[in-house]
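Generate a structure from the sequence data that follows.
(chains A and B)
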Amino acid sequence: MRQQYAIRSLVVMAGMLMMAIAVIVQIVRIQNSEQAKIFLANGDLYASEFRTFYPERGEIYDRNGHLLAGNRTVYEVGVSLPDMKDVDAMAYVLSVYLNMTEEEIKDKLLNSPETWTYIMIQDYVDAGTVAALQQVIKQLEDAGDDRLNGLGFKPHFQRSYPEKSLAANVLGFVARDGRGYFGVEEKYNDLLAGNPVQMWVPRDPNKALDIPKVPNGTTLVLTLHRDLQAKVEGILDEALLEYGAKNGAIIVMDPKTGEILAMASTPRIDLNNYLDYFQVFDNGSAYNRSIGMAYEAGSVVKILTMAAALDSGIVTPETTYIDTGAITVGGITIQNWNRQPWGQRNMTECLQYSLNVCLAWVASQMGSPTFYSYMDRFGLGHRTGVDLADEAVGRLKVPGDADWYPVDLGTNAFGQGVTVTPLQMMMAATAIANDGQMVTPHVLYAMLRDGHQYNVPSQYAGSPIKPETARILNEMLAVSLQNESASALLPGYRVAGKTGTAQIPTPQGYDPNHTNVSFIGWGPVDDPQFMIYVWLQEPTTSIWSSETAAPVFSRVAEQTVIALNIPPDLVRLQYGSR
Amino acid sequence: MQATQIIHAYKQAPWRVQRQYVGAFLLTVVVLALVAALYLDVTSRTALAGREIQELRAEIAALQRSNADLETELANITSSAVMQRRALELGYRPVQPGELDYVFVPGYVAPEPPLLLAAADSPLYQQTLPDEYSQSLLEWLDEWLHSGGGLP
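Okay, here's the model as predicted:
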């Protein structure tokens, strides 16, 4: 009996062993078959997905913490093709909300490559539209209707500019390719954009930690003062209308630090509709005239000529010159702006009456090597190094250049034949307002990254003239402005400055009917806290700077002292003496 | 004959030997089942935690988007143009230079531009993920021995 049980047990055991062996053999066979390799490969494909993690682009603030450029959520609307139930219903609903025709949508859904499982219908769809679509989906689902199955929304960021066109010329914009164009957005694109990370992301929750944490882009704080920027832009727009000018630019800067407080330029676009750029601008250099367009600024350059002459000891403020109305330099006769002689004049009066002949004489007394050496030290012909994209370099012809002629020494002395950007002139003039020390203009105040704020220090750009020279010229320009350009003055504040009226060069010579008018000025003279540059292109009501740019300077200065809380000289000096 | 009897005396009964084999086999099965159960338990808990991490990350991303949207919206409704319009509607007008009075305040220092420090990114997973999910058995044993052998 026991032997019978033993035999049965052995038979059962043998049977189970055979089955176990068969199972193991089958497992080994399946796992090593050709199909298994394909299956494993497909498994790997679905085990992870290739994704690019874009960090949130850094924000841009003004110096007082007002947001100038931020981000907002938009959506990519797409359809998962394997889940799609009803093409007609899908196309109809999407056509209602996405401003596309049913035919366009059907074409995308039905004529996609066979291997595709997902079709993007439209990107950059705003949150409101997506919310409406989600509502439709929910209503259908509640009713047990699955005709919109497969419709999905992928959120991502889009650049947003709450101030619209304010400071548009400084900020630049971000296009849909995620790259910054012009201004701060282009100059600091790498910092703002951060570092996108591309990788295969596992769907396996056990590998959740393999998903990278992408740090956001660096947030920037600019030196711009939002409210002053708004005022300056308003003044510029009014000035263009009032004086019939084609375009213009105004910059307000701290001459001690180089911080740009406001920078206005025309035309401007609403940065949220950056595609308008192609309708508004015909070339990139006009996007920000303050830095992108070099022009012959005219008599404002005289302050640099006089600075060089004073610093090199060629003249003093009391040096006199008998102006006969004409001077010959390099065989060419140079005349005053009114083609009249002005008689015996000291150097302050030469600046006050903006005498071309006098300044040409001063330059010829210095000689080319000295004159051009000083112009080079003032940065003419070099970029300022401002932290904005697309800065123009300007042109200063020097002896040895193929197109330099001896007469250029005389004409360059009063700003003809030399091209500068408004910002170049300002940078050079900081040496006069800042005791001989020139500063590099900049718009970046600080960077915020990983919980730390990194402030950007001011950068000095050399000392082209001695402090004593700067103080003397500062006083000369204050006196000359006080005596001659009353429209530029600001009641209660002593300011220094210089007008500039320049004919416009054409292939046929200088246009006698059109001018570029400029004004550079700063104040308070004893402790300069602001420097303002005004450029109006081809004003029609008057061709003279003293009647156009000078009053604009006064208006900007008025708003600047209010925005920066600069008390009148009397109050300031009275309290300062306590 | 005598020798055979002696050997037989020391040989265990066959059923006892079989019982030992079966016992050893069952013990092995039980141990393996226990290990498998523990492994399954740890794996499933890890998977749940991983899923939770994935969901939390998605939630963080959604909150960051919401935060950015709200910040931009706030900037929209406090933009320069909007604030000017609202001020005018409330009866305010731009101040004129002659209307300003400056008061001398001894020791007053003009305010510097504010610090706009962003919150530092914290290594979130290091703070919330228990050691059990990242520790090897040997590491756990080492820690247990160093802690005096008490329950971790």
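
Skipping adjacent residues, who's closest to residue A:426 in space?
residue A:533 (5.1 Å; Cβ to Cβ, 6 or more residues apart in numbering or on different chains). C-betas here are computed from N, CA, C, even on glycine.

Could you give the number of residues near that neighbour?
30 (other Cβ atoms under 10 Å in any protein chain shown).

any weak-confidence spans in the stretch 201-350 of chain A?
Filtered on pLDDT under 70, the stretch 201-350 of chain A yields the residue ranges A:208-211.

run the last query once more with 80
Flagging of the stretch 201-350 of chain A using pLDDT under 80 yields the residue ranges A:201-213.

Pull up the residues of it that are close to chain B.
A:204-209, A:211, A:213, A:215-216, A:219, A:221, A:226-227, A:229-230 (Cβ under 8 Å from any Cβ of the partner chain).

Determine the longest helix present in chain B.
Counting residues, the longest helix found in chain B (DSSP state H) is helix B:14-77.

next SSE after that helix?
Using DSSP states H and E, the helix or strand that follows helix B:14-77 in sequence is helix B:80-89.

for chain B, where's the lowest mean pLDDT among helices and strands?
helix B:124-128 (a mean of 46; mean pLDDT, DSSP states H and E).

what number of residues lie near residue A:308?
26.

That one: helix or strand, and which one exactly?
Here residue A:308 is assigned to helix A:302-311, by DSSP H and E.

what do you get for residue A:505?
Judged by DSSP H and E, residue A:505 forms part of strand A:496-506.

wait, does the following helix or strand past that strand make contact with chain B?
Going down the chain from strand A:496-506, the next helix or strand is strand A:509-523, by DSSP H and E. No - residues of strand A:509-523 are not located near chain B by Cβ under 8 Å from any Cβ, the shortest gap being 13.1 Å.

what secondary structure does residue B:104 sit in?
For residue B:104, the assignment made with DSSP: H, G, I helix; E, B strand; the rest coil gives coil.

rewinding a little: would you indicate which residues of the strand holding residue A:505 are buried?
A:496-504 (16 or more other Cβ atoms under 10 Å in any protein chain shown).

in the stretch 451-578 of chain A, what spans have low per-residue confidence?
A:485, A:575-578.

Can you pull the phi and psi angles for the residue of it found nearest chain B?
Using Cβ to the nearest Cβ, residue A:451 is the residue of the stretch 451-578 of chain A that sits closest to chain B, at 3.0 Å. When read as degrees, to the nearest 10, the backbone of residue A:451 gives phi 80, psi 10.

Can you list the residue ranges for helices in the stretch 151-300 of chain A?
Taking DSSP state H, counting those that start in this stretch as the criterion, the stretch 151-300 of chain A carries its helices at A:168-171, A:183-187, A:189-193, A:226-243, A:277-280, A:289-292.

how about these in JSON lines, adding mean neighbour count?
Output for the helices of the stretch 151-300 of chain A, formatted as JSON lines (neighbours: other Cβ atoms under 10 Å in any protein chain shown):
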{"stretch": "helix A:168-171", "mean neighbour count": "26"}
{"stretch": "helix A:183-187", "mean neighbour count": "24"}
{"stretch": "helix A:189-193", "mean neighbour count": "19"}
{"stretch": "helix A:226-243", "mean neighbour count": "20"}
{"stretch": "helix A:277-280", "mean neighbour count": "12"}
{"stretch": "helix A:289-292", "mean neighbour count": "26"}
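
can you list these in a markdown table and add distance to residue A:324?
Putting those into a markdown table (distance: least, Cβ to Cβ, whole Å) gives the following:
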| stretch | distance to residue A:324 |
| --- | --- |
| helix A:168-171 | 45 |
| helix A:183-187 | 49 |
| helix A:189-193 | 56 |
| helix A:226-243 | 33 |
| helix A:277-280 | 49 |
| helix A:289-292 | 38 |
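
Test my guess that residue A:100 contacts residue A:94.
Yes - if you go by Cβ atoms under 8 Å, residue A:100 and residue A:94 touch, sitting 6.7 Å apart.

more neighbours, those two?
Using other Cβ under 10 Å as the criterion, residue A:100 and residue A:94 rank with residue A:94 on top: 24 against 15.

Quick check: beta-bridge partners of residue A:296?
residue A:419 (DSSP bridges).

re earlier: can you name the element that comes right after the least confident helix or strand of chain B?
Taking DSSP H and E, what comes next after helix B:124-128 is helix B:137-146.

Look up how far residue A:221 lies from the nearest residue to residue A:167 once chain neighbours are set aside.
Spatial nearest neighbour of residue A:167, excluding adjacent residues (Cβ to Cβ, 6+ apart): residue A:229 at 5.2 Å. Applying Cβ to Cβ, to the nearest Å, the value for residue A:229 to residue A:221 is 14 Å.

hang on, the earlier thing: out of the helices of the stretch 151-300 of chain A, nearest to residue A:525?
helix A:226-243 (20.7 Å; Cβ to Cβ).

neighbouring contacts of the closest one?
The contact list for helix A:226-243 (Cβ atoms under 8 Å, 6 or more residues apart in numbering or on different chains) reads A:62, A:64, A:66, A:68, A:163, A:166-167, A:245-250, A:252, A:261-266, A:268, A:534, A:536, A:539-542, A:548, A:552, A:555-556, A:559-560, A:563-564, B:80-81, B:84.

hmm, which of those are the buried ones?
If we count by 16+ other Cβ under 10 Å, the contacts of helix A:226-243 have these buried: A:62, A:66, A:68, A:163, A:166-167, A:245, A:247-250, A:252, A:261-266, A:268, A:534, A:536, A:539, A:548, A:552, A:555-556, A:559-560, A:563, B:80, B:84.

Among those residues, which ones are in strands?
Under the assignment DSSP state E, those contribute A:68, A:247-250, A:252, A:261-265, A:534, A:536 to strands.

Including distance to residue A:47, could those go into a markdown table?
Formatted as a markdown table, these follow (distance: Cβ to Cβ, whole Å):
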| residue | distance to residue A:47 |
| --- | --- |
| A:68 | 44 |
| A:247 | 59 |
| A:248 | 61 |
| A:249 | 58 |
| A:250 | 60 |
| A:252 | 59 |
| A:261 | 56 |
| A:262 | 56 |
| A:263 | 53 |
| A:264 | 56 |
| A:265 | 54 |
| A:534 | 65 |
| A:536 | 65 |
